[in-house]
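one predicted model, sequence on top.
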2 protein chains.
Amino acid sequence: MKTEQQRRPAGRPRGFDVDEALERALLVFWEQGYEGASLATLTGAMGISTASMYATFGNKEALFRKALERYTEGPSAYLARALDEPTALGVATAILAGTIRTTTRPTGPNGCLGVQGALATGDASSEARDLLVAWRDDGYTTIRARFERAVDEGDLPPDADPTLVARYVTALGYGIAVQAASGVGRDELQDMADAALRAWPPV
Amino acid sequence: MKTEQQRRPAGRPRGFDVDEALERALLVFWEQGYEGASLATLTGAMGISTASMYATFGNKEALFRKALERYTEGPSAYLARALDEPTALGVATAILAGTIRTTTRPTGPNGCLGVQGALATGDASSEARDLLVAWRDDGYTTIRARFERAVDEGDLPPDADPTLVARYVTALGYGIAVQAASGVGRDELQDMADAALRAWPPV
DNA sequence: GGGTTTCTGCATCGATCGATGCAGAAGAGG
DNA sequence: CCTCTTCTGCATCGATCGATGCAGAAACCC
């Protein structure tokens, strides 16, 4: 069994780099949201025509889905790494620090794509909204599972509620994202996060 | 000087109730956001024609502005009331409880209009986005001023930073709003808020 | 009831929305 | 070089976007 053998297609090869185009699209979705990002703006930033976009990615919703995957594995990868921290407090600290870093990058959009990408939408964009609801729920569930493990390991006290702790950290992360989208600076948010985790765990 | 004398206009009187129409528009904006709410959906929910909407409110952006004012004085009025609580902890508790109640109403949209109304938008809706940025900043500034007073009164310890405390409470409020928009239930959010304020103040 | 003023229903505006069709350009395989 | 496959540039699709013009309907003042 060949392992992901690159099948070389006949005919004219693609004239642009798919990864780079997707990155450009990601930045547009991140900054303007799913509904606010028009095809004209997207393809303009991607440097390709609408025909190439449809041939390569399918449609706007599929493009958004792939941009979100790229976001998860790129700017939002701090989450997966944070879960490897040895202690629950370390996990929470890393999550909030990563959130702050990603939502307040000096270059690039402020805020979190998973939050501001499609928080409230019209009927036409309900699929994108549901996609982000599932994305956020995935993140929460993963965090909660990590805190459940912490309770089992004795890292969190037996009376700590993983659900509650996960909701707490998640709420702080979302709150940081919204404030970052409003222009609040990195240092101020980090000071707040430090204080929020000084009393640990929340019970 | 007459005090707001109701000037009776000549001609055909308006055939609908302005307050009720604005309430309907508010609910649409709340649920679908500024960009997601089309004029057709808005006027349909308001029960009036586009001509009546434009004659009465101006345009979509002005309608949104008035809906936001109504939101501030209605569903979001808990904020102003919370500031009257005698202690800083009471203020924070009331803010979070009010946020949870408003963002998880059994009937009506979930979440907070000020957060999900226009968090990220395209260029065409940047005015609405800026309006909500200012709205959130207003709320934060008011809360911070209240905590500054609490420090002066000795209600908060001298080493407490009103800026940090206000950011903390605000972040939790936004986080609650995002989770409510994702469908998280009222009780679960209230348990989280209770735990978050058990260690008080954050320093 | 006449005159006046305002509101409303309908049609429609130009612009933009997301999405396609098509013909020619471009490059790989033979 | 020829053929074949794929990609790209351009034009354009129907639908919907926010926003208006206009004429008739309706209700107030006198």
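Nice, I can see it.

beyond the helix or strand that residue A:176 is a member of, next helix or strand please.
Using DSSP states H and E, residue A:176 maps to helix A:162-181. Where DSSP H and E defines the elements, the next helix or strand beyond helix A:162-181 is helix A:186-196.

got the CA positions of that next one in CSV?
Provided in CSV are the C-alpha atoms of helix A:186-196 (Å, rounded to 0.1, in the frame of the first residue of the first chain):
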residue,chain,number,x,y,z
ARG,A,186,-1.9,41.9,25.0
ASP,A,187,-0.3,42.9,28.3
GLU,A,188,-3.5,44.0,29.9
LEU,A,189,-5.1,40.7,29.0
GLN,A,190,-2.2,38.7,30.3
ASP,A,191,-2.3,40.5,33.6
MET,A,192,-6.0,39.6,33.9
ALA,A,193,-5.4,36.0,33.0
ASP,A,194,-2.6,35.7,35.6
ALA,A,195,-4.9,37.1,38.3
ALA,A,196,-7.7,34.8,37.2
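
any idea of the pLDDT on the residue nearest to residue A:193 when sequence neighbours are not counted?
Once flanking residues are discounted, residue A:193 sits nearest to residue A:96: 4.1 Å by CB to CB, 6 or more residues apart in numbering or on different chains. No exception for glycine: its C-beta is placed from N, CA and C like everyone else's. Per-residue pLDDT puts residue A:96 at 98.

element containing residue A:96?
Here residue A:96 is assigned to helix A:88-103, by DSSP H and E.

same for that helix, what does it pack against?
Under the contact criterion of 3 or more CB pairs under 8 Å, 6 or more residues apart in numbering or on different chains; DSSP states H and E, the helices and strands touching helix A:88-103 comprise helix A:78-82, helix A:126-152, helix A:162-181, helix A:186-196.

the following helix or strand past it - contacts with which helices or strands?
From helix A:88-103 onward toward the C-terminus, using DSSP H and E, the following helix or strand is helix A:113-116. When contacts are defined as 3+ CB pairs under 8 Å, 6+ apart, helix A:113-116 sits against helix A:18-36, helix A:60-73, helix A:126-152, helix A:162-181.

got any ranges where chain A has weak pLDDT?
Applying pLDDT under 70 to chain A picks out residues A:1-9.

OK, now which residue of it is nearest to DNA strand D?
residue A:11 (2.3 Å; CB to the nearest atom of the strand).

who's in contact with residue A:201?
A:88, A:89, A:156, A:157, A:160, A:165 (CB atoms under 8 Å, 6 or more residues apart in numbering or on different chains).

which residue packs closest to residue A:181, ignoring adjacent ones?
residue A:111 (3.2 Å).

the one you found is in contact with residue A:100, isn't it?
No: the pair residue A:111 / residue A:100 is not scored as a contact, 11.4 Å apart, by CB atoms under 8 Å.

now do the shared contacts for these two.
Joint contacts of residue A:111 and residue A:100 (CB under 8 Å, 6+ apart) are residue A:180.

how about the residues of chain A near DNA strand C?
Within chain A, the positions adjacent to DNA strand C are A:8, A:10-13, A:37-41, A:50-51, A:54, A:59-61 by CB under 7 Å from any atom of the strand.

hmm, back to that, got the angle between the helix holding residue A:96 and helix A:60-73?
130 degrees (axes from the mean of the first three to the mean of the last three CA atoms, to 10 degrees).

what does helix A:88-103 rub up against?
A:75-76, A:78-79, A:81-83, A:85, A:110-112, A:143, A:146-147, A:150, A:155-156, A:165, A:169, A:172-173, A:176-177, A:180-181, A:186, A:189-190, A:193, A:196-197, A:200-201.

and the buried ones among the residues you listed, selectable in PyMOL?
Applying 16 or more other CB atoms under 10 Å in any protein chain shown to the contacts of helix A:88-103 leaves a buried subset, and the PyMOL line that selects it is:
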select buried, chain A and resi 75+76+78+79+82+83+110+111+112+143+146+147+150+155+156+165+169+172+173+176+177+180+181+186+189+190+193+196+197+200+201
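
out of the contacts of helix A:88-103, which touch DNA strand D?
Checked against DNA strand D using CB under 7 Å from any atom of the strand, the contacts of helix A:88-103 yield no neighbours at all.

isn't residue A:64 right next to residue A:34, touching?
Yes: between residue A:64 and residue A:34 there is a contact under CB under 8 Å: 5.5 Å.

quick check: neighbours shared by those two?
Counting by CB under 8 Å, 6+ apart, the residues touching both residue A:64 and residue A:34 are A:117, A:128.

returning to what we had before: present the helices and strands packed on helix A:88-103 as JSON lines; the columns should include distance to residue B:104.
As requested, the helices and strands packed on helix A:88-103 are exported to JSON lines (distance: least, CB to CB, whole Å):
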{"stretch": "helix A:78-82", "distance to residue B:104": "26"}
{"stretch": "helix A:126-152", "distance to residue B:104": "15"}
{"stretch": "helix A:162-181", "distance to residue B:104": "13"}
{"stretch": "helix A:186-196", "distance to residue B:104": "22"}
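
of the ones you listed, which is nearest residue B:139?
helix A:162-181 (11.4 Å; CB to CB).

give me the helices and strands touching the closest one, please.
Partner elements for helix A:162-181 (3+ CB pairs under 8 Å, 6+ apart): helix A:88-103, helix A:113-116, helix A:126-152, helix A:186-196, helix B:162-181, helix B:186-196.
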